[in-house]
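A.B. asks: kindly return the folded structure for what I paste below:
(chains A, B, C and D)
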There are 2 protein chains.
Amino acid sequence: MVTIADVARHAGVSPSTVSYVLSGKRSISEQTRVRVEESIKVLGYHPHAGARSLASSRANVIALVVPLRTDMHVPILMQFATSIVTGAREHDHDVLLLTADEGPDGLRRVTRSALVDAVIVMDIELNDSRVPFLREVGLPAVLIGFPADPSGLTCVDWDFTAAAAMCVDHLADLGHREIAFLGSPAGVFERGTGFAQRTTSGFESAVARRGLHAVVRPCEPSHSAVRDTVKRLFDDHPGLTGLVVHNEGAVAPLLETLRGLGRHVPENVSVIAMCPEDLAEHVSPRLTAVPIPAEEIGRRAVELVMSKLDGAADVPAATLVAPHLLAGESTATRHA
Amino acid sequence: MVTIADVARHAGVSPSTVSYVLSGKRSISEQTRVRVEESIKVLGYHPHAGARSLASSRANVIALVVPLRTDMHVPILMQFATSIVTGAREHDHDVLLLTADEGPDGLRRVTRSALVDAVIVMDIELNDSRVPFLREVGLPAVLIGFPADPSGLTCVDWDFTAAAAMCVDHLADLGHREIAFLGSPAGVFERGTGFAQRTTSGFESAVARRGLHAVVRPCEPSHSAVRDTVKRLFDDHPGLTGLVVHNEGAVAPLLETLRGLGRHVPENVSVIAMCPEDLAEHVSPRLTAVPIPAEEIGRRAVELVMSKLDGAADVPAATLVAPHLLAGESTATRHA
DNA sequence: GGACCTTGTCGAAGCGCTTCGACAGTTGCC
DNA sequence: GGCAACTGTCGAAGCGCTTCGACAAGGTCC
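C.D. replies: The predicted model follows:
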């Protein structure tokens, strides 16, 4: 193993000088710096992470807690994870992967043992068991999602409320008067997931504001469930001309069902989705959508956690990423 | 922070005794052990990971390199990842998440800095840039997948060859004489992914062995691509009665296309899939499948890496996880 | 031209742990 | 009953790094 002493000897300086070259915490003459950097490269030196962590009380690692549930759309999780890893690397940090089934104990373990400096927790429930722990120990943490009481925490999420409203407004602007919302499976609501509830209430208040008629249906992402739900919907509401879908797994079945029912998109019925951009673009017709910016949320989470680590005092407690509309071919003016 | 010295003081022993209680590397009297364990619990002591790593040259962390590509089925990646994290935890190790885009440099970094003790690399290509590095440095590594030359490495993967053959045999046993294979997108083959090639060759040699007529088609996982491919297939081969599909994203479109073409499954055409079990079970009709045991492969990878870390000399160089058939309702005897 | 900064470098302490050798006390054996 | 072997515990060294205080050398100012 190459140590800092080897580098120091090779460059003809003391170990502390090498350390200061690496950290930039003291001024170093141009000449010395270049010589040390040269030695580092020649010897292939990499500082020992454990030693560094011990001496500086900074591990340069953050923990990422991912959910294990399968009722979430997995590709989105993966987008979060990769954008967080990429973002962390840009700040010279690594990412330790934790699964949610370890619960608060997992957080306590990696945190108390100084394995990680900070944590990012995904899939926060309204009444999350990890929240009291996070609040209490005051370790730098960022939650993706909002618990019922976010006081004292740093949270970031998509603005689901605004996204749902944006869908409603888009349909209303096109003249639709009677619309429906196809949402997450009932189970997602029951386990107290804030985003599902915020989406629904965003939908409902926008509907009220625009004076539309609307109905909300949770839905399993299976073909048969979607078919049954949609059929019933049209039976009960023959005047329905607009559909908002917030359920990745239901998108393809929905389009297929509508095709099967002979209802053309967008001629007879307009469909707008809250789903990942690539899903919206890989179905036919290309979906008008308000895409979930997983990548951006992940990066924001990393930035927030990094500024907390840097000791910034002005880290915003709540960050809502604004939605934007992605034009597609699945919505059109309502034909009388 | 609670240190080992605090625990020692509280228990009235020396720090080294506490260390030996923790590691079990020297015999400790029952009495002392209990007292120390009590103190550990009372004080909420967690050994400092960096200090431990520095003193013992073992970080108790393994790196997991996941691919960033989107042409793989993401839920399977996630299954691998979670089973690896879970498995690692059972061996008292944590998992550092690396993305493939850092390439060999990422491995070098985490390895040289002693951040991790071993690595598991997923999505190995036939001519993988990380393989020379892994072979050369001889750090404990397990590859999920096989490069063209696996000599000197430890690899584990599903037995794709046998899995494809199992599909062929199943259809042949049911009397089918003319079958087709719907595989991964062309791009997956082009970038030199061993598993796609092994699957195809397994299919082809089984077909030859059973004296069947068969045709192989790569396929994009989009609805339209599947529809076009399947239509063409039946146009060119009217006698086709069996379909093997190895492409998760093509499964739902395939069933829908067949429905659209008026070809009933399994009455007119039998379909057997190589895909995750839950996908096979969540379509209608329930698919006969040879499910990809991601969970098992992940666990095996962890076990292999752990025995390498333990210095075992007899770690098998190649581990092939055997396929098994999952009965469903999508295959039936060929009707004359 | 002395008092005072500034700049660049060094030596040494110490982070919390593991592990080696030492050793007191006990047990076993002829 | 004396010697050997074992058991359980301790003290100290050292893992590789960061960081603090010290300090020499060179500038600046009146």
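A.B. asks: close to chain B, is stretch A:112-125?
C.D. replies: Yes - taking CB under 8 Å from any CB of the partner chain as the criterion, stretch A:112-125 and chain B are in contact, through A:112-115. Just so you know, the C-beta spots here come from the backbone N, C-alpha and C atoms, and that holds for glycine as well.
A.B. asks: quick one: the strands in chain A?
C.D. replies: Counting by DSSP state E, chain A forms strands over residues A:61-66, A:94-99, A:118-121, A:141-144, A:155-158, A:178-183, A:213-218, A:242-245, A:270-273, A:288-289, A:318-321, given from the N-terminal end onward.
A.B. asks: which secondary structure elements does the fifth one sit against?
C.D. replies: Using 3 or more CB pairs under 8 Å, 6 or more residues apart in numbering or on different chains; DSSP states H and E as the contact criterion, the secondary-structure elements in contact with strand A:155-158 are strand A:141-144, helix A:194-210, helix A:294-309, strand A:318-321.
A.B. asks: for the ones you listed, which one sits closest to chain B?
C.D. replies: If you check each of the helices and strands packed on strand A:155-158 against chain B by CB to the nearest CB, helix A:294-309 wins as the nearest, at 11.8 Å.
A.B. asks: list the contacts of residue A:21.
C.D. replies: Residue A:21 is in contact with A:28, A:32-33, A:36-37, counting by CB atoms under 8 Å, 6 or more residues apart in numbering or on different chains.
A.B. asks: looking at the residues you listed, which has the most residues close by?
C.D. replies: Neighbours here are counted as other CB atoms under 10 Å in any protein chain shown. On that basis the top member of the contacts of residue A:21 is residue A:36, with 24 neighbours.
A.B. asks: picking that back up, inside helices: which ones of the contacts of residue A:21?
C.D. replies: A:32-33, A:36-37 (DSSP state H).
A.B. asks: between those, which is nearest chain B?
C.D. replies: Of all these, the one sitting nearest chain B is residue A:37; the distance, using CB to the nearest CB, is 16.6 Å.
A.B. asks: now do the contacts for residue A:236.
C.D. replies: residue A:215.
A.B. asks: likewise for the one 5 residues further on?
C.D. replies: Taking CB under 8 Å, 6+ apart as the definition of contact, the neighbours of residue A:241 are A:176-179, A:268-270, A:334.
A.B. asks: apply 6 Å and report the result again.
C.D. replies: A:176, A:269, A:334 (CB atoms under 6 Å, 6 or more residues apart in numbering or on different chains).
A.B. asks: and if you look at residue A:115?
C.D. replies: Under the criterion of CB under 6 Å, 6+ apart, the contact partners of residue A:115 comprise residue B:49.
A.B. asks: swap in 8 Å and give it another go.
C.D. replies: In this structure, residue A:115 makes contact with A:59, A:61, A:63, A:96, A:109, B:49, B:61, B:94, judged by CB under 8 Å, 6+ apart.
A.B. asks: Produce a ChimeraX select command limited to the buried residues of these.
C.D. replies: Here is the ChimeraX command that selects only those of these that count as buried (16 or more other CB atoms under 10 Å in any protein chain shown):
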select /A:59,61,63,96,109 /B:49,61,94
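A.B. asks: out of the contacts of residue A:115, which is nearest to DNA strand D?
C.D. replies: When these are compared for distance to DNA strand D (CB to the nearest atom of the strand), residue A:59 comes out closest, at 11.4 Å.
A.B. asks: and the closest residue to residue A:270 other than its chain neighbours, how many neighbours?
C.D. replies: If you skip the residues right next to it in sequence, residue A:270 has residue A:331 as its closest partner in space, 3.9 Å away by CB to CB, 6 or more residues apart in numbering or on different chains. By the criterion of other CB under 10 Å, residue A:331 has 27 neighbours.
A.B. asks: wait, residue A:331 sits on residue A:268?
C.D. replies: No - counting by CB atoms under 8 Å, no contact exists between residue A:331 and residue A:268, whose distance comes to 12.0 Å.
A.B. asks: tell me who's in contact with residue A:291.
C.D. replies: With contact taken as CB under 8 Å, 6+ apart, residue A:291 is in contact with A:274-277, A:280, A:324, A:326.
A.B. asks: hmm, try it at 10 Å
C.D. replies: The contact partners of residue A:291, by CB atoms under 10 Å, 6 or more residues apart in numbering or on different chains, come to A:158, A:163, A:273-281, A:323-326.
A.B. asks: next one: residue A:278
C.D. replies: If you count contacts by CB under 10 Å, 6+ apart, residue A:278 has them with A:75, A:79, A:291, B:70.
A.B. asks: nearest to residue B:53, out of the helices and strands packed on strand A:155-158?
C.D. replies: helix A:294-309 (20.6 Å; CB to CB).
A.B. asks: the closest one to strand A:94-99, inter-axis angle?
C.D. replies: Following axes from the mean of the first three to the mean of the last three CA atoms, to 10 degrees, one obtains 110 degrees for the angle between helix A:294-309 and strand A:94-99.
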